[in-house]
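Trainee: only geometry, no sequence info:
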Ligand SMILES: Nc1ncnc2c1ncn2[C@@H]1O[C@H](COP(=O)(O)OP(=O)(O)O)[C@@H](O)[C@H]1O
Ligand SMILES: [Mg+2]
């Protein structure tokens, strides 16, 4: 199968005055359509740098990045924007929803830039939010939603253009265990439906839900292993059950 | 993106931060209101002048004595009295483009009726004067050629004189004493209001020329000759004919300058127009400066807004906005703000004009042209001062923008 993502000896160097920081060091990588990959590593190891390159937000200093078989180095700024719009969906640690803007309008945002007619955009956005279990909350503003709900709005926004890949940079970083599991269950569900998921995390237990784990160290890919993923749904139910018994225990006292 | 969606996005952004939006608009509102008010006042003044001049008749010519001194310094109008009744007859007889001619002499006196008195201008003239200047009576009648020829002691008076000498009573048939000479009031003139140059045209007493010359001034001096051309189009020819006739009557050599002036209404109108035009221009440029200041205000707040919304810009770029989409977003926002500000400013400026008319009694005129000008200026200011912040937004690096705190 043709890889969705192919990195050939990609390096990223930040020049800060006299200091050169090699954030990514000759990274080589193939990711096939339909994979669910976790990228883990300590802080400063280059995870976000990798993510920015994969997301066409940044260009490598050297090396080649093929997306869907095309060399991104040749893309114009507009093509990069179109690629971000149609091939890629982003989910961020901080949700990055537009403040004072309803869930619906946030989800409609990518469709504004794909030239989707307004009526159709509305329908697609409502569908994506419904899929995320937020049908009742489409008019809510971000500050009227919980962290987990906000992240699901962000996922709906990432999904609404039917991208090939979702890039998530520490999507559970701001969430508690239960909500993190909910979000992981959503990603696993999306992955089962064929969307490639690449998620960045520094929490090892989140990486357990991926089928492939990349480890980054000092800008190099130090390990790349296939694993048997846990099922987030099962773990979620387990945690919920535990919580319930704790509560009933509390009631007994 | 389609323009309607751009506007939609802009309107939503404006609504999302009402405080910032109103601050941004404030400069434009003040600027546009100033433009509309200033130009409105200027145009009002100018149209008043135009109307007054039109009311005087656009085929009227006035001949005044006076001329150029040898040194090239102009003598004051009427400084030498060179016009005579023979000149009047010559014009009447020999100028084919002239319809009517009336000689006029001027004086002033304290006029008395009963125990009331009033200082006013006295005009001595012939009945054609009324026709030339389109003057009518509201009460009584005008005097006749026969009354002029017989130097009858009759007069017609303007409304100002009537109000001051005959408050609450009918002046027609009453006696006014001018320099101790009794005149019978035979008519009251229709009000003409103030002249283009500020004088009260109703503060006047008009009597037959011969009566005034013989009994009041005691001289045959003629101050002015009023003529009417056959039509407005004939005015230039009439002016030329009068000049030729008077030069020959006054036996002026080729090398000598005219010892009289011929003034047409068009001359006066263009003088008045240039005066009020300068006034409108001056008021307009003051207003334009305030609009410019408003524009700088827009730019300032838009720049702050771009900084405040850096993360929003990053998010938009991440989900697929091209640099030009961001540019347009901010540009359209600036334009929409300017236009809304413009509409409010026009309304405010119009209100100011109305208030000025009511309170100060000046006539003001807000034309569609002024409104279009102000709105056009406002949107231009929006484009001009919105562009720099918009370009700044469009050039942001998406990664930097996304992680901006
Ligand atoms: N814009 C930048 N300018 C300079 N150095 C940077 C920049 N972005 C990241 N770095 C550096 O590159 C390295 C990798 O950063 P990053 O990819 O953010 O790591 P991670 O996401 O794994 O914490 C770090 O040393 C970081 O300081
Ligand atoms: Mg990071």
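Mentor: Cool, the structure landed. A quick note: this is a predicted structure, and the numbers were derived from the prediction, not measured. Numbers count the residues shown, from 1 in each chain, chains lettered A, B, ... in the order given. Ligands and ions are numbered 1, 2, ... in the order given.

Trainee: show me the strands in the stretch 1-150 of chain A, by range?
Mentor: Using DSSP state E, counting those that start in this stretch, the strands found in the stretch 1-150 of chain A span residues A:5-16, A:19-31, A:36-40, A:62-67, A:70-71, A:88-92.

Trainee: also the stretch 101-250 of chain B?
Mentor: Along the stretch 101-250 of chain B, the segments classed as strands by DSSP E, counting those that start in this stretch run B:116-125, B:137-140, B:154-157, B:175-178, B:181-189, B:204-208, B:224-229.

Trainee: the longest one vs strand B:204-208, what angle?
Mentor: Think strand B:116-125. Strand B:116-125 and strand B:204-208 are oriented at 50 degrees to each other (axes from the mean of the first three to the mean of the last three CA atoms, to 10 degrees).

Trainee: I'd like the distance from strand B:116-125 to the chain centre, please.
Mentor: Going by CA atoms, centre = their mean, to the nearest Å, the spacing between the C-alpha centre of strand B:116-125 and its chain's C-alpha centre is 28 Å.

Trainee: roughly how far apart are residue B:222 and residue B:91?
Mentor: With the distance defined as CB to CB, to the nearest Å, residue B:222 ends up 12 Å from residue B:91. All C-beta atoms are positioned from the backbone trio N, CA, C, and that covers glycine.

Trainee: those two: who's more crowded?
Mentor: Applying other CB atoms under 10 Å in any protein chain shown to residue B:222 and residue B:91 shows that residue B:222 carries more neighbours, namely 25 against 22.

Trainee: quick check on the more buried one: phi, psi?
Mentor: phi -120, psi 130 (degrees, to the nearest 10).

Trainee: and the helix or strand harbouring residue A:200, average pLDDT?
Mentor: Following DSSP states H and E, the helix or strand that holds residue A:200 is strand A:196-201. Predicted confidence along strand A:196-201 averages 96 (mean pLDDT).

Trainee: so which elements touch that strand?
Mentor: Counting contacts by 3 or more CB pairs under 8 Å, 6 or more residues apart in numbering or on different chains; DSSP states H and E, the secondary-structure elements packed against strand A:196-201 are strand A:36-40, helix A:47-54, strand A:165-169, helix A:177-192.

Trainee: and of those, who's closest to residue A:155?
Mentor: With CB to CB as the measure, helix A:177-192 is the member of those nearest residue A:155 (6.0 Å).

Trainee: go through the closest one and flag the buried ones.
Mentor: Of the residues in helix A:177-192, those buried under the neighbour-count criterion (16 or more other CB atoms under 10 Å in any protein chain shown) are A:179-188, A:190-191.

Trainee: show me the contacts for the residue nearest the centre of chain A.
Mentor: For chain A, residue A:168 is the residue whose C-alpha lies nearest the centre (CA atoms, centre = their mean; 1.7 Å). Contacts here follow CB atoms under 8 Å, 6 or more residues apart in numbering or on different chains; on that basis residue A:168 touches A:90-92, A:187, A:197-200.

Trainee: what's the closest of those residues to residue B:60?
Mentor: The shortest approach to residue B:60 among these belongs to residue A:90, at 80.8 Å (CB to CB).

Trainee: right, and that closest one touches residue A:171 too?
Mentor: No: with contact defined as CB atoms under 8 Å, residue A:90 does not reach residue A:171; the gap is 9.8 Å.

Trainee: what's the neighbour count on the residue in the stretch 1-150 of chain A that chain B sits nearest to?
Mentor: For the stretch 1-150 of chain A, the residue positioned closest to chain B under CB to the nearest CB is residue A:85, at a distance of 2.4 Å. Applying other CB under 10 Å, we find 24 other residues in the vicinity of residue A:85.

Trainee: for it, which non-adjacent residue is closest in space?
Mentor: Counting by CB to CB, 6 or more residues apart in numbering or on different chains, the nearest residue to residue A:85 once its immediate chain neighbours are dropped is residue B:320, at 2.4 Å.

Trainee: tell me, how many residues neighbour the nearest residue to residue B:262 once chain neighbours are set aside?
Mentor: Nearest residue to residue B:262 in three dimensions, chain neighbours excluded: residue B:239, at 4.8 Å (CB to CB, 6+ apart). Around residue B:239 sit 22 other residues, with neighbours defined as other CB under 10 Å.

Trainee: need the residues of chain B near chain A, please.
Mentor: Within chain B, the positions lying close to chain A (CB under 8 Å from any CB of the partner chain) are B:1, B:5, B:9, B:12, B:16-17, B:311-312, B:314-325, B:398-399, B:402.

Trainee: related to what we said a few turns ago, dump the residue contacts of the residue of the stretch 1-150 of chain A closest to chain B.
Mentor: Shown in contact with residue A:85 (CB under 8 Å, 6+ apart): A:110, A:113-114, A:161, B:319-320.

Trainee: let me know the closest of those residues to ligand 1.
Mentor: residue B:319 (20.8 Å; CB to the nearest ligand atom).

Trainee: and the lowest mean pLDDT element among the helices and strands of the chain?
Mentor: No chain specified, so I'll use chain A. Averaged element by element with mean pLDDT, DSSP states H and E, chain A has its least confident helix or strand at helix A:232-252 (a mean of 85).

Trainee: I was thinking of chain B, sorry if that wasn't clear
Mentor: Ranked by mean pLDDT, DSSP H and E, the weakest helix or strand in chain B is helix B:265-308, scoring a mean of 81.

Trainee: quick check, the helix or strand following it touching ligand 1?
Mentor: Toward the C-terminal end, the helix or strand that comes next after helix B:265-308 (DSSP H and E) is helix B:310-318. No: applying CB under 6 Å from any ligand atom, one finds helix B:310-318 separated from ligand 1 by no less than 13.3 Å.

Trainee: show me what counts as buried in helix B:310-318.
Mentor: Of the residues in helix B:310-318, those buried under the neighbour-count criterion (16+ other CB under 10 Å) are B:310-318.

Trainee: can I get those in a markdown table including pLDDT?
Mentor: Shown next, in a markdown table, are the buried residues of helix B:310-318 (pLDDT from 0 to 100):
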| residue | pLDDT |
| --- | --- |
| B:310 | 93 |
| B:311 | 92 |
| B:312 | 93 |
| B:313 | 94 |
| B:314 | 94 |
| B:315 | 95 |
| B:316 | 95 |
| B:317 | 95 |
| B:318 | 95 |
